[in-house]
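Enquirer: how would this look folded up:
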Amino acid sequence: MVSLCLNSLPLPPSSYPKKLTETSLSSSSVSNGSIGTALKPIVVSGNPPTFVSAPGRRIVAVGDLHGDLDQARCALEMAGVLSSDGEDIWTGEDDVLIQLGDVLDRGDDEIAILSLLRSLDVQAKAKGGAVFQVNGNHETMNVEGDFRYVESGAFDECADFLDYLNEYEYDWDEAFVGWCSMFRRWKDERKMSRNNWGPWNLVKRQKGVIARSVLFRPGGPLACELARHAVVLKVNDWIFCHGGLLPHHVSYGIERMNTEVSHWMRGLIEEDSSPHMPFIATKGYDSVVWNRLYSRDISDLEDYQINQINDILQDTLQAVGAKAMVVGHTPQYTGANCEYNCSIWRIDVGMSSGVLSSRPEVLEIRDDKARVIRSKRDTFSELQDVYSFNFSSVYNFLESSSIHHLLHGMPVRNMFNKRKKAKAIFVYQQTEDDAQSCRIISFFLPFCVESQKVYASKWDDYLI
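Expert: Alright, predicted model coming up:
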């Protein structure tokens, strides 16, 4: 029998409504490298934060993390905001870190990442910096109870975390911040006690599902934690959101959207109490967290479509008073990049092992100029080392497997011989071997086949 003690479960202090606030994060002792030149404090308006003034700060933005703590740490270390000694120390001084959502799903260490980001925020504020997150579609899906993309290890983490909350009688803030340093022990103990008896594993799975429901339901502890974050954040002259902001979102009011979504996550209002709440921000393919308009491959578009999208983007930026927008949500197979005269930056590179296992990349904004920070490791050699196969073996797999090109019935050999830019979409017989091989190919081929992008494996899953 599964038993969960809910009466002793600590609730985040943010589970109650607050007035919109304006907060100053002091940086009186910070000089940003300039002797005797103290920066003005960071000013945050809104609850959750919506408008942020961070004069003179270096801003770093990180895309989708999807439950991969190792890759998350790698990205944060590369950004210069996390120590590399495993102690999870903030090294960004007065920097501003922004994570663009989709911490949840597809990986095992979701709560640990959320805990790490909160810990870094506490440390950053003490040094005149700050950490902000925006919620993505996978955050809103979990609060809605949609667990389709939750890994079994993530259900286990939820069960462990709930036991941890009940066992340690901390206040919420202390317990939550401490999880990133404690979860590895819980994870190791769970592995040591692993039982191959089927009925027992079923009970464990049920416990994990119940725990996740308790934690993420509207008003639950982790739902209230997510409610601390916006769906749209403006920092200086830059807009940050998961999918993309559109003119009708601005007309509706970004502060209004943030507040409504936050209240919904806290369980303060009924979801169907308003036809526009929180649909405009969290539901539908033109909502803030689902929109992919700005992330479409320009090579697939006609000139008139490119002009239309650019007009929409410019209208949006003008309406909100921003110079550029930064989004995640849609994996970029060529790495983080910008389009439309760099009015839009797309920085989801699919770094999680549950997506593409690509090398982490982060966006740095300094003095209003943006650049991508990439690992110096050689991608081709890295992939050969990790998966122990070369280009020839990939080709042989494609040629011998049950993969077919959907667009024109084009054989695999012809796809390799073509020199023009093309997009290939493959399907496969759903065996375990084929599924694993297709997932590897989905990020291996863009570095091997000139000017081609290959979407493989369960692409419908990746689009979610």
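
Enquirer: what sits against Gly136?
Expert: Applying CB atoms under 8 Å, 6 or more residues apart in numbering to Gly136 gives the contacts Asp64, Leu100, Gly101, Asp102, Val103, Leu104, His242, Gly243, Val289, Gly328, His329. Every C-beta, even on glycine, is put in place using the N, C-alpha and C of the backbone.

Enquirer: SS state for the residue lying closest to Phe216 once chain neighbours are set aside?
Expert: If the residues on either side of it in the chain are set aside, Phe216 comes closest to Asn142, at 4.6 Å by CB to CB, 6 or more residues apart in numbering. Secondary structure state of Asn142, per DSSP: H, G, I helix; E, B strand; the rest coil, is helix.

Enquirer: neighbour count, distance to Trp264 and pLDDT added to the contacts of Gly136, as TSV?
Expert: What follows is the contacts of Gly136, written out as TSV (neighbours: other CB atoms under 10 Å; distance: CB to CB, whole Å; pLDDT from 0 to 100):
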residue	neighbour count	distance to Trp264	pLDDT
Asp64	28	22	98
Leu100	27	20	98
Gly101	31	16	97
Asp102	29	18	98
Val103	29	18	98
Leu104	31	16	98
His242	30	16	98
Gly243	27	18	98
Val289	28	13	97
Gly328	31	21	97
His329	28	20	96
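
Enquirer: returning to what we had before: am I right that the residue nearest to Phe216 is in contact with Asp105?
Expert: Yes - in this structure, Asn142 is within contact of Asp105 by CB atoms under 8 Å, at 7.3 Å.

Enquirer: need the residues touching each of the two.
Expert: With contacts defined as CB under 8 Å, 6+ apart, the residues shared by Asn142 and Asp105 are Val150.

Enquirer: please identify the helix or strand for Val209.
Expert: In this structure, Val209 is located in helix 198-216 according to DSSP states H and E.

Enquirer: ditto for Gly86
Expert: Under the assignment given by DSSP H and E, Gly86 is not contained in any helix or strand.

Enquirer: same question, Val131
Expert: Of the helices and strands defined by DSSP H and E, Val131 is found in strand 130-133.

Enquirer: elements contacting that strand?
Expert: strand 96-99, helix 110-126 (3 or more CB pairs under 8 Å, 6 or more residues apart in numbering; DSSP states H and E).

Enquirer: out of these, nearest to Ala319?
Expert: Proximity to Ala319 (CB to CB) singles out strand 96-99 among these, at 21.0 Å.

Enquirer: can you list contacts of that closest one?
Expert: For strand 96-99, the external contacting residues (CB under 8 Å, 6+ apart) are 42, 52, 54, 57-62, 65, 76, 79, 81, 117, 120, 124, 129-134, 233, 235, 240, 326.

Enquirer: can you list the buried residues in it?
Expert: Judged by neighbour count using 16 or more other CB atoms under 10 Å, the buried positions of strand 96-99 are Val96, Leu97, Ile98, Gln99.

Enquirer: which parts of the stretch 1-150 of the chain are helices?
Expert: According to DSSP state H, counting those that start in this stretch, the stretch 1-150 of the chain carries its helices in the segments 69-79, 110-126, 137-143.

Enquirer: what would those look like in CSV with distance to Ser375 and mean pLDDT?
Expert: CSV is the format used below for the helices of the stretch 1-150 of the chain (distance: least, CB to CB, whole Å; pLDDT from 0 to 100):
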stretch, distance to Ser375, mean pLDDT
helix 69-79, 6, 97
helix 110-126, 19, 98
helix 137-143, 25, 96
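
Enquirer: which among these is found nearest to Trp345?
Expert: Taking CB to CB as the measure, the helices of the stretch 1-150 of the chain were each checked against Trp345, and helix 69-79 came out nearest at 14.7 Å.
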